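**Q** Got a predicted model here, sequence first, then my questions.
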Amino acid sequence: AYYAFVGGHPLPPAGTVAGWIGRSDKDRKKMAVLHELNKRGKHAVTHYRTIETFTGCGVPTALVECRLETGRTHQVRVHMASIGHALLGDPAYGRTPPRLRPLLIRLGFARQALHAAVLGFIHPVTGEPMRFESPLPDDLRELLVELRASS
């Protein structure tokens, strides 16, 4: 599970984004959701659900949990941007709303607002399910507090 702070309030508040992800035709440094018929890229599936919404600084934002069925390069960033909800602070796949920039600058927040909260896999030798959890780092906790306070 990944936690992402995104622009806007996703509608529906939970859903699945599926599609082929591969190199963008417009910018070879970026990934993009591609049309299935072009036979490029790899199939990717992201399930998302809105955890909390905010209207801080007069800008709708949301904390979203994303669970991946596949693990493609930039998958969460590409899928959320493809449904109109780019990650805050993501220079490649979205723009931070201008009214939120002063808040991010004040917090010294200079990255995409994405956190790998729960990772799991089957141990290759023992076959045992492995699960690792990581709390929100300080900068994202601070962002959460500020978004809540200004909403």
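**A** It's in. Fair warning: this is a prediction, and the values are worked out from it, not measured in the lab. Residues are numbered from 1 along each chain as shown.
**Q** what's in contact with whichever helix in the chain runs longest?
**A** Secondary structure of the chain per DSSP state H: the longest helix is helix 138-150. For helix 138-150, contacts defined as CB atoms under 8 Å, 6 or more residues apart in numbering pick out 3, 5, 52, 54, 56-57, 61, 63, 88, 103-104, 107-109, 111, 113, 115, 135-136. Backbone N, C-alpha and C define where each C-beta goes, glycine included.
**Q** Mind checking which of those are buried?
**A** Among those, those buried by neighbour count (16 or more other CB atoms under 10 Å) are 3, 5, 54, 56-57, 61, 63, 88, 103-104, 109, 113, 115.
**Q** Mind putting the residues you listed into a markdown table with pLDDT, secondary structure and distance to R77?
**A** Shown next, in a markdown table, are these (pLDDT from 0 to 100; DSSP: H, G, I helix; E, B strand; the rest coil; distance: CB to CB, whole Å):
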| residue | pLDDT | secondary structure | distance to R77 |
| --- | --- | --- | --- |
| Y3 | 98 | strand | 13 |
| F5 | 97 | strand | 12 |
| F54 | 97 | strand | 20 |
| G56 | 79 | helix | 21 |
| C57 | 82 | helix | 22 |
| T61 | 97 | strand | 16 |
| L63 | 98 | strand | 16 |
| L88 | 96 | coil | 11 |
| L103 | 92 | helix | 21 |
| L104 | 92 | helix | 17 |
| F109 | 93 | coil | 16 |
| A113 | 97 | coil | 10 |
| H115 | 98 | strand | 13 |
